[in-house]
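Colleague: Show me the folded form of this:
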Amino acid sequence: MAERSAPAEGLVVASYGRHCVVETPDGQRRICHPRGKKSQCVVGDRVLWQAPPPGQGDEGTIEKVQPRRNLFYRQDEIRTKSFAANLDQVLILIAAEPVFSESQLARALIAAEAERITPLIALNKSDLVEPFARAWERLLPYRHMAGSEGPDSRHYGVLPLSLAQSGEVDRAALMRHLRGKTTLVLGPSGSGKSTLINLLVPSAAAQTGEISQALNSGKHTTTSTTWYWVEDGEAGARHTALIDSPGFQEFGLRHLAPTDLARCMPDIGAHASECKFYNCTHLHEPGCAVRPLVESGDGAGSISANRYKIYSELFAELSEAPRY
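Modeller: Model prediction:
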């Protein structure tokens, strides 16, 4: 009977249903499948995997998923969708056109905050002058939050882009935020996510094709999640990574309790400790420090009516939902 080799360390760089692609420390990639009926691996996982005995195929086996620093995911009424693990930040790409959903933006930001992953908002299509001006104004509350200070503040960087036109200018701007980090790129259809990936990783299409061919999937990675190394002279190869994710229409937060919302929304959470009651919901209680700040001004300390409305609606939604 042929002996199996000892498990080796690897990084999950692509996920396709029951199969995943594991990269070894020297850059080799191997198709693997997990033991058991259900895959527990996501892109970004550090794993121990095992090669098959000689003569028993090419696919390896995932033996163990190492402990994660974090896991970015969403939860709706039916299922959990995990995007990626062990992230340094999430880049949420939206565009001046089509008009972005502030509710979906807020939900993605809350999911990042819940896992203590730094969010970065990028607004694309600055070449569309009037639509961009309107969208930029809508982002004013988030731009104000970017200026918050404190040892435990969660800054929202907001970056203007024109991916279809400026090329190297936007690449340089993006790299200042991405260098040396692992970043999940998230965005709705039409925001320019593929353009961004191709700008930063010119070989992305070729890598996608190679993986799809190896898996006989015949699918582009818009239906999956894929890790790309970004070539960067300053940080060197294999120090900066982008994770491309499939688009989404809804972003459920059923894994959170309504009482989690305030701490996951920095503009509201910054004042929650000043309320008269420690368990204030910021909806109706006397002595609430949050409600008086809703539209109290244009400064960084105010809370926009739209943000407060999103908070109120989410609180009601999560109060009615079963816990997962």
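Colleague: residue boundaries of the helices in this protein?
Modeller: Secondary structure of the chain (DSSP state H): helices at 102-114, 129-138, 140-145, 168-178, 193-200, 204-215, 261-264, 266-272, 305-320.
Colleague: ok, residues contacting the shortest one?
Modeller: Looking back up the chat, that one is helix 261-264. Helix 261-264 is contacted from outside by 109-110, 113-114, 256, 268-269, 272, 282, 290, 311, 314-315, 318, using CB atoms under 8 Å, 6 or more residues apart in numbering. No exception for glycine: its C-beta is placed from N, CA and C like everyone else's.
Colleague: how about a cut-off of 7 Å?
Modeller: Ile110, Glu113, Ala114, Ile268, Gly269, Ala272, His282, Tyr311, Leu314, Phe315 (CB atoms under 7 Å, 6 or more residues apart in numbering).
Colleague: Mean pLDDT lowest where, among the helices of the chain?
Modeller: Mean pLDDT values for the helices of the chain show the minimum at helix 204-215, a mean of 63.
Colleague: Report the contact partners of the closest residue to Met265 other than its chain neighbours.
Modeller: Nearest-residue entry for Met265: Tyr311, 6.0 Å, with adjacent residues in sequence omitted and distances by CB to CB, 6 or more residues apart in numbering. Applying CB under 7 Å, 6+ apart to Tyr311 gives the contacts Leu261, Met265, Ile268.
Colleague: and of those, the nearest to Gln165?
Modeller: For the contacts of Tyr311, the closest approach to Gln165 (CB to CB) belongs to Met265, at 33.8 Å.
Colleague: Isn't that closest one up against Ala112?
Modeller: No. In this structure, Met265 is not within contact of Ala112 by CB atoms under 7 Å, at 11.4 Å.
Colleague: Using CSV, lay out the helices of the chain together with distance to Asp232.
Modeller: Formatted as CSV, these follow (distance: least, CB to CB, whole Å):
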stretch, distance to Asp232
helix 102-114, 23
helix 129-138, 28
helix 140-145, 27
helix 168-178, 6
helix 193-200, 9
helix 204-215, 15
helix 261-264, 32
helix 266-272, 30
helix 305-320, 35
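Colleague: quick one: which of these is nearest Arg35?
Modeller: The nearest among the helices of the chain, by CB to CB, is helix 204-215 at 18.8 Å.
Colleague: State the distance from Thr80 to Val185.
Modeller: When distance is defined by CB to CB, to the nearest Å, Thr80 is 20 Å away from Val185.
Colleague: More neighbours: those two, which one.
Modeller: Comparing Thr80 with Val185 by neighbour count (other CB atoms under 10 Å), the higher total belongs to Val185, at 24 against 13.
Colleague: Confirm for me that the more buried one is in contact with Leu91.
Modeller: Yes. Under the contact definition of CB under 7 Å, Val185 touches Leu91, with a separation of 5.0 Å.
Colleague: What number of residues are in the vicinity of Val13?
Modeller: 22.
Colleague: any idea how far Met265 is from it?
Modeller: Distance of Val13 to Met265, given as CB to CB: 33 Å.
Colleague: just Asn70 next, same as before
Modeller: Computed as CB to CB, the Asn70 to Met265 distance reads 18 Å.
Colleague: Of the two, which one has the most company?
Modeller: Met265 (25 against 16).
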